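A.B. asks: Whatever this is, show me its structure:
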Amino acid sequence: MTDLSNPQMGELHVLTRVSLRRATIHDALLFYALRLDPETRRFTPAFNTPLILEDHVTWFATRVWTASWFVAEENEQPVGIVRLDSGHDDRSYVSIIVVPSMRGRGIGLAMLQALAAAIPGPRYACIHHFNISSIRVFEQAGYAYTGEANGVWRVYRVIP
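C.D. replies: This is a model prediction of the structure:
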């Protein structure tokens, strides 16, 4: 399994217009704002659970130093976030959120390409079956449908 907690990883550059940098505690409010976006909440497992800023900051602070979480930037401006988390099944799961004003511009695909270039290896994604935009982006990035999970999630896998 790929080491997902390499603290030496700095800014990552690829041939796309998007670069990734490791998230820091200073990105807690960005992650919070993107998680609060109504379109994002609509497709998350905990969409009915209130997201309280103090709880989010505490959770973020305990995880950000060891997690493989990234801020995607274009021209040094945040355009999205990428999370690479270990699942209960020891698989690596990727999730992305694109800044609402940047959606529909290819940013999601660029973020997945940047992640693949920076951290190669097999990974999975669980995507809500109504989230057609995300399904298309992940398929364009080479992820293949592998089955259903819990009735509403489509599981995709990529092997570089």
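A.B. asks: and the helix or strand harbouring Val94, what does it pack onto?
C.D. replies: Assigned by DSSP states H and E, Val94 belongs to strand 92-98. Under the contact criterion of 3 or more CB pairs under 8 Å, 6 or more residues apart in numbering; DSSP states H and E, strand 92-98 touches strand 77-86, helix 107-118, strand 123-128. C-beta coordinates here come from the backbone N, C-alpha and C atoms, glycine included.
A.B. asks: For Gly147, grab the count of nearby residues.
C.D. replies: Other residues lying near Gly147 total 9 when counted by other CB atoms under 10 Å.
A.B. asks: go on, Ala61?
C.D. replies: 11.
A.B. asks: thought it was touching Phe31?
C.D. replies: No - in this structure, Ala61 is not within contact of Phe31 by CB atoms under 8 Å, at 11.2 Å.
A.B. asks: List the buried residues in the strand holding Val94.
C.D. replies: 92-94, 96-98 (16 or more other CB atoms under 10 Å).
A.B. asks: for this structure, which spans come out with low pLDDT?
C.D. replies: 1-16, 45-48, 160 (pLDDT under 70).
A.B. asks: Please report how far Ala116 lies from Arg83.
C.D. replies: 15 Å (CB to CB, to the nearest Å).
A.B. asks: swap in Ile52?
C.D. replies: Taken as CB to CB, the span from Ile52 to Arg83 is 20 Å.
A.B. asks: do you know how far the closest residue to Ala141 other than its chain neighbours is from Arg22?
C.D. replies: Leaving aside its chain neighbours, Ala141 sits nearest to Leu112 (3.9 Å; criterion: CB to CB, 6 or more residues apart in numbering). The gap separating Leu112 from Arg22 is 17 Å, by CB to CB.
A.B. asks: just to revisit the earlier point, count the neighbours of the residue nearest to Ala141 for me.
C.D. replies: As a burial measure, Leu112 scores 25 neighbours (other CB under 10 Å).
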